[in-house]
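A.B. asks: kindly generate the corresponding structure for this input.
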Amino acid sequence: PVALSLIVPAYNEAERLPATLRHAADALPRLAEAIEIIVVDDGSTDRTASLAAAFPDPRICVVSSPHGGLAAARNRGLAHASGRYVSFLDADDLWSAEKLESQVQALRARPRGVVAYSWTALLDADGRFLFAKMPCRYEGIVHRTLLVDLFVGSGSNVMIDRERLSIEARFDESLHVAEDWDFL
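C.D. replies: Predicted coordinates for the structure are as follows:
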């Protein structure tokens, strides 16, 4: 059985997707679990789908569909995901090598935990550091805090334990901004 499903929504990301997949692949060997990488090509008109399909990693599955937006692409990925843990990685984002391993460990250490998150550092187009969201740690029921301060920072920062989720998780496809915040 698949333990971790990585969902990568992508729309016209041919230039950035290979680097994103390379960074993700670098983080994945640290985990012993069975992993699937679902690249959701959201109706791209560039080479996004063909680059994802040609990426040299047998764990990659490409799902193509008409353009529906980021929320719809994430929902398509969720529909195809079979892992207990689900993590999202936007095609223009990069992860640190230890991100996934740390989040799996955090969820396993907390029997009631549903979501583990990480922090965000913003880089310019040349990879130079711009600024980072202030690191913070919240545990327990964090809904109020999340409403006041989007401490998660990005949809690419979360990992969800679907076995502990009491509802079917879906993104609101009517939203065109902040759909990740709404989802959390």
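
A.B. asks: where does pLDDT dip in this structure?
C.D. replies: Scanning the chain for pLDDT under 70 picks out the ranges 29-33, 131-136, 143, 146-148, 150-153.

A.B. asks: would you list every one of the strands in it?
C.D. replies: When secondary structure is read from DSSP state E, the chain shows strands at 4-10, 35-42, 60-65, 85-88, 115-117, 121-123, 129-132, 158-161.

A.B. asks: out of the ones you listed, the one nearest residue 17 is which?
C.D. replies: When those are compared for distance to residue 17 using Cβ to Cβ, the nearest one is strand 4-10, at 5.6 Å. In this view, the C-beta of every residue, glycine as well, is placed from N, C-alpha and C.

A.B. asks: who touches that closest one?
C.D. replies: Applying Cβ atoms under 8 Å, 6 or more residues apart in numbering, the set of residues contacting strand 4-10 from outside is 17, 20-21, 24, 28, 31, 33-42, 44, 48, 52, 70, 73-74, 77-78, 80-91, 100, 104.

A.B. asks: any quick ChimeraX command for the buried ones out of the residues you listed?
C.D. replies: What follows is the ChimeraX syntax for the buried subset of the contacts of strand 4-10, where burial is set by 16 or more other Cβ atoms under 10 Å:
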select :17,20,21,24,28,31,35,36,37,38,39,40,41,42,44,48,52,70,73,74,77,78,81,83,84,85,86,87,88,89,90,91,100,104
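
A.B. asks: quick revisit: indicate which one of the strands of the chain is closest to residue 109.
C.D. replies: When these are compared by Cβ to Cβ, strand 115-117 sits nearest residue 109, at 9.6 Å.

A.B. asks: tell me the strands beside that closest one, with direction?
C.D. replies: Sheet pairing for strand 115-117, assigned by DSSP bridges, gives strand 158-161 (antiparallel).

A.B. asks: just the C-alphas of the strand it pairs with, formatted as PDB.
C.D. replies: These are the backbone C-alpha positions of strand 158-161, laid out as PDB (Å, rounded to 0.1, in the frame of the first residue of the first chain):
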ATOM      1  CA  VAL A 158       1.000  20.900   4.800                       C
ATOM      2  CA  MET A 159       0.800  17.100   5.100                       C
ATOM      3  CA  ILE A 160      -2.500  15.500   6.000                       C
ATOM      4  CA  ASP A 161      -3.100  12.200   7.700                       C
END
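
A.B. asks: what does that strand rub up against?
C.D. replies: With contact meaning Cβ under 8 Å, 6+ apart, strand 158-161 is reached by 84-88, 100, 103-104, 107, 113-117, 152, 169, 180, 184.
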